[in-house]
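Visitor: quick check, what structure comes out for this input:
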Amino acid sequence: MRLDEEEAIASMLEKALDPLVPYPGRTDLPWKARCMKCEAVLDPGLTLHNIRGPQGGCATCAERGIDPTRPGYLYLVVHDGYQALKWGIANIDQRLTQHVSQGWQVAARWNFELTGDAWALERQIKAWVRGQGVPRALTADQMKYGGHTETAYLTDISLALIQAYVVSLTDRNPEPPQTA
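Guide: Residues are numbered from 1 along each chain as shown. You can find the predicted model right below:
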């Protein structure tokens, strides 16, 4: 989607974000900005498409969603019915509970002192998987709790390969499974 620059800047200011570079011209391209509340620099920046969404704005100041300054985790889950895997991040255990309620099984989890560190890894995984030509497995309609852009079919890439990639990036194995 394209917006003129004036409308794009108005959308940023509405979310208390001060653009630091010129408008990239499209809503799906990252746009570096500074939060006018906490002064955090959103770099490489959110896309205007995400900023204009219901959560939008600075993740550090968000009253809901992921807070990159709090402890969090990176996870891998698999779904037998879809024959798919998903990677993602969260600050709260309810995120995995949501996925489990939809038929996903937790395959691995890495805890982090800062969710921002997990967030950086999530982006690396996505770029690496998509860079190998592996497409998304699921649509937004198939993911009640979101996260369809971080999915892949198990026939396109294995869980073991993604887990090994995360271990190579973090230099540590996943956390032992938690018992109830």
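
Visitor: can you list the domain ranges for the protein.
Guide: Annotated domains of the chain cover 5-51, 72-170 [automatic domain parsing].

Visitor: how about the helices of the chain, start to end?
Guide: For the chain, the helices defined by DSSP state H cover 5-14, 48-51, 94-101, 115-131, 159-170.

Visitor: where are the low-confidence patches of the protein?
Guide: Low-confidence segments of the chain (pLDDT under 70): 1-2, 43-45, 53-56, 59-65, 178-180.

Visitor: would you map the strands across it?
Guide: 17-19, 30-35, 41-47, 72-79, 84-90, 104-112, 151-153 (DSSP state E).

Visitor: what does the first one rub up against?
Guide: The contact list for strand 17-19, computed with C-beta atoms under 8 Å, 6 or more residues apart in numbering, reads 9, 12, 31-36, 42, 51, 57-58. (Glycine included, C-beta is placed from N, CA and C.)

Visitor: that strand: partners in the sheet, and parallel or antiparallel?
Guide: Pairing partners of strand 17-19, with direction, according to DSSP bridges: strand 30-35 (antiparallel).

Visitor: centre of the chain to the partner strand, how far?
Guide: Computed by C-alpha atoms, centre = their mean, to the nearest Å, the chain-centroid distance of strand 30-35 equals 17 Å.

Visitor: for residue 133, find the nearest of the strands of the chain.
Guide: The closest of the strands of the chain to residue 133 is strand 151-153. By C-beta to C-beta, the value is 10.7 Å.

Visitor: so which elements touch that closest one?
Guide: Secondary-structure packing of strand 151-153 (3 or more C-beta pairs under 8 Å, 6 or more residues apart in numbering; DSSP states H and E): strand 84-90.
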